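>>> Quick one: sequence plus predicted model below, questions after.
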Amino acid sequence: MTPGLIISAPASGTGKTTLTLGLARAFRDRGLNVQTFKSGPDYIDPAFHRAASGRPSYNLDTWAMTPDLIGGLLTHATGADLVLAEGSMGLHDGVATPGATGTGASADLAVLTGWPVILVIDVSGQAQTAAAIALGMAAYRPGLTLAGVVLNRVASPRHERLVRLGMAQAGITVLGALPRNAAITMPERHLGLVQAAELPQLEPMIAEAARFVAAHLDLDAVHAAARPLRHPTKPLHIRPPAQRIALARDTAFSFTYPHLLHGWRAAGAEILPFSPLANQAPDPTADLCWLPGGYPELHAGPIAAADHFLTGLRTFAATKPVHGECGGYMVLGTSLTDKDGHRHPMAGLLGLETSYQVRKMHLGYRLATLSAAMPGHAAGTRLRGHEFHYSTILLQPDAPLAHVTDAEGTAVPETGSQRGHVTGSYFHLIAEVP
C-alpha cells in the first residue's frame, strides 16, 4: 500500500497548509506521484492541494464518514508514491460525541490509517518548551505515531539551536526548521483561505513554497518516515441524486465536496456546469439543478442582476427539483442583505431572507433527519454534514426540510426549507447515515 503521512499541528494557523503544499510540490518535482487528502470538513484546501500535486484531493472525515466510505476514498491513493494528508485545527481537536468513525480529530485519522504524524510547531516565543508540547501531543492518544516535528517561524540560528536542544533531550526527530517567509503567506477571508481559483499568483506561490521547504527540510527523512496504510480499502459507491445534474460553478458557488462529485460521475451521472455570475441559466434538459455554497454575499449585486440566470432557474424549478446548500440556499430565498445593509432580491423560490449586516459565526457538524424528500434522499433519511457561515436568518417561513442537530444532539434553528420542487439547507452534505 502507498506509504503516507499526516501533517498536523497543536493549533490552527501554524503553517499546515503551507507545509503540505510545499511538500506536495517538492516531491512532485522529484518525480513522485503525490496523493493528498484533507482531514475534516474543509471546502477550500483540496483545491490548493490539487494545484500543488496535480491530482484531485479528497476529504476524509471520521465524524461524518463510515469506515467503508473512508476506505473507498483511500483507493484514490492507488498508483501514488506518497500520501500527504493535511489535518484540521489541532491534532486532537474534535467534537465531544463521536460520529460514524470518530470525533473528526486528525488524530482519529492517524490511528485509523496508521500514517505517522508530522507535527508543525510554531515556535514563536518559546524554545525548549516546544519539545514538551510535542511530547504531550504524541502521548495524548494511544496508537498514534509521531514521525517528527517541523519547527516553523524560527527567529534566528540561536533560537533554532535552543529548540533543537529541547527536541534532542526529548528524543524527538526534527525534520526541518522554517524561518519566517512572507512570500508564501496564504491570503485569508472570513471562511478561511481565499479560494485557489481566485489567486492568479498561486502557481508562483506554490513553487516558492516547494523551494523553501526543500531548502529547510530533510526531504529524504520525511519520505522515509511514511508508513503503509493499515485501513482496508474498497470500491467507492455513491448514489447520485439525478442522472443529469446542472451544477452552479464559479467563484460564488464553489463549495462542493470532491468525493461527492467524483462519486456522482463514477456512478454514471453527467455534471452540467453553469455560471450564475456569467448570467448563465441551468441546462433545461437536466434532471436536477444544484446550487452549492460559496460566497454569494460578495457577489449579491451581480447575482441579483443576472436576469437570465434567475429566470432560467425559476422556469426550471416549476417542473424539476432544485437544491441549494448554504450560499446556494440563500440565493434560492427572497433576499440577501449584504454587510453594508443593502438588500438584494434573490430568486424568490423560497421565503428565506438572510443578512450579513450583523455577522455571527455558525460552525459545526450537523446531523439532519429529513422531514421531506430532497434530491437523492427520501424523507426520514439521516444525513451527516457541516455548517460554516456568518449570515443570519431574518425569515424562514417555509416548511422545514429537516430536523437538524449539532454533533452533541442539540437542535439548531437552521432547519432548511422546502417548497414545491425546491429544497435548501445551510448544512453541506457529506454522507448519508447507513
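Arrived safely, thanks for sending. Numbers count the residues shown, from 1 in each chain.

>>> Am I right that Ile206 is in a helix?
Yes. Under DSSP: H, G, I helix; E, B strand; the rest coil, Ile206 sits within a helix.

>>> Could I get the contacting residues of it?
21-22, 25, 48, 51-52 (C-beta atoms under 8 Å, 6 or more residues apart in numbering). From N, CA and C alone the C-beta is placed, and that goes for glycine too.

>>> Could you give the number of residues near Thr311?
Using other C-beta atoms under 10 Å, Thr311 has 12 other residues around it.

>>> now it, what's its secondary structure?
helix.

>>> What of the one 5 residues further on?
Phe316 falls in the helix class when you classify it by three-state DSSP.

>>> Just to check, it is in contact with Pro282?
Yes. Taking contacts as C-beta atoms under 8 Å, Phe316 lies within contact range of Pro282: 5.1 Å.

>>> between the two, who's got more neighbours?
Legend: neighbour count by other C-beta under 10 Å for Phe316 and Pro282, higher for Pro282 (26 against 22).

>>> returning to that earlier point: tell me which of the contacts of Ile206 fall in helices.
21-22, 25, 48, 51-52 (DSSP state H).

>>> Under the pLDDT cut-off, which ranges of the stretch 151-300 of the chain? List them.
Applying pLDDT under 70 to the stretch 151-300 of the chain flags the ranges 185-200.

>>> Could you pull out the strands in it for me?
174-179, 188-189, 192-193, 227-228, 244-248, 270-274, 288-291 (DSSP state E, counting those that start in this stretch).

>>> So which of the ones you listed is nearest Met89?
Each of these has some distance to Met89 by C-beta to C-beta; the shortest is strand 192-193, at 11.5 Å.

>>> follow-up on the earlier one: list residues touching both of Phe316 and Pro282?
246, 289.

>>> Quickly note the distance from the residue sitting furthest away from the middle of the chain to Cys289.
The centre of the chain is farthest from one residue, Arg158, which by C-alpha atoms, centre = their mean lies 37.6 Å away. Separation of Arg158 from Cys289 (C-beta to C-beta, to the nearest Å) stands at 60 Å.

>>> Over to Glu208?
From Glu208 to Cys289 the distance is 40 Å (C-beta to C-beta).

>>> So which of the two has more stuff around it?
Neighbours of Glu208 and Cys289, each counted by other C-beta under 10 Å, are more numerous for Cys289; the result is 30 against 16.

>>> Show me the helices in the stretch 151-300 of the chain, by range?
Here the stretch 151-300 of the chain has its helices, by DSSP state H, counting those that start in this stretch, at 157-170, 202-216, 219-225, 258-266, 300-305.

>>> Now tabulate those in CSV and tack on distance to Leu69.
Shown next, in CSV, are the helices of the stretch 151-300 of the chain (distance: least, C-beta to C-beta, whole Å):
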stretch, distance to Leu69
helix 157-170, 37
helix 202-216, 29
helix 219-225, 27
helix 258-266, 8
helix 300-305, 33
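
>>> Of the ones in helices among the contacts of Ile206, keep whichever come out buried.
By neighbour count, with 16 or more other C-beta atoms under 10 Å, those hold 21-22, 25, 48, 51-52 as buried.

>>> Rebuild these as TSV, extending it with distance to Ala221.
Shown next, in TSV, are these (distance: C-beta to C-beta, whole Å):
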residue	distance to Ala221
Leu21	19
Gly22	15
Arg25	18
Phe48	25
Ala51	26
Ala52	20
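
>>> pLDDT-wise, what's the bottom of the residues you listed?
Lowest in pLDDT among those is Phe48, which has 91.

>>> didn't that residue look like it was pressed against Thr18?
No. In this structure, Phe48 is not within contact of Thr18 by C-beta under 8 Å, at 9.7 Å.

>>> returning to what we had before: of the ones in helices among the contacts of Ile206, which pair is most distant in space?
Gly22 and Ala51 (12.3 Å).

>>> can you pull out the helices in the stretch 1-150 of the chain?
16-29, 45-53, 67-73, 106-113, 129-139.

>>> so can I have TSV of those helices showing distance to Gly99?
What follows is the helices of the stretch 1-150 of the chain, written out as TSV (distance: least, C-beta to C-beta, whole Å):
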stretch	distance to Gly99
helix 16-29	22
helix 45-53	20
helix 67-73	12
helix 106-113	10
helix 129-139	23
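
>>> Pick out the shakiest of those, pLDDT-wise.
In terms of average pLDDT, helix 45-53 trails the rest of the helices of the stretch 1-150 of the chain, at a mean of 94.

>>> Could you list the domains of this structure?
Following the assignment in automatic domain parsing, the chain carries domains at 3-228, 244-432.

>>> Export those as TSV, with columns for distance to Lys234.
Below are those laid out as TSV (distance: least, C-beta to C-beta, whole Å):
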stretch	distance to Lys234
domain 3-228	5
domain 244-432	13
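
>>> List the residues that contact Ala64.
Contact analysis of Ala64 by C-beta under 8 Å, 6+ apart lists 41, 99-100, 104, 365, 384-386, 430-431.

>>> and what of Thr14?
120-122, 152.

>>> one step back: if we only consider the contacts of Ala64, which is nearest to Pro375?
Closest to Pro375, out of all of the contacts of Ala64 and judged by C-beta to C-beta, is Gly385, at 14.3 Å.

>>> Report the beta-bridge partners for the closest one.
Arg366, Leu429 (DSSP bridges).

>>> Quick check: it touching Gly364?
No. Using C-beta under 8 Å as the test, Gly385 is too far from Gly364 to be in contact (10.1 Å).

>>> rewinding a little: for Ser57, find the nearest of the helices of the stretch 151-300 of the chain.
Closest of the helices of the stretch 151-300 of the chain to Ser57 is helix 258-266, at 6.7 Å (criterion: C-beta to C-beta).

>>> if I look at Asn33, how far off is Arg25?
Distance of Asn33 to Arg25, given as C-beta to C-beta: 13 Å.

>>> Leu219 too?
When C-beta to C-beta is the yardstick, Leu219 and Arg25 sit 11 Å from each other.

>>> coming back round to it: return the member of the ones in helices among the contacts of Ile206 nearest to Val412.
Of the ones in helices among the contacts of Ile206, the one sitting nearest to Val412 (C-beta to C-beta) turns out to be Phe48, at 29.6 Å.
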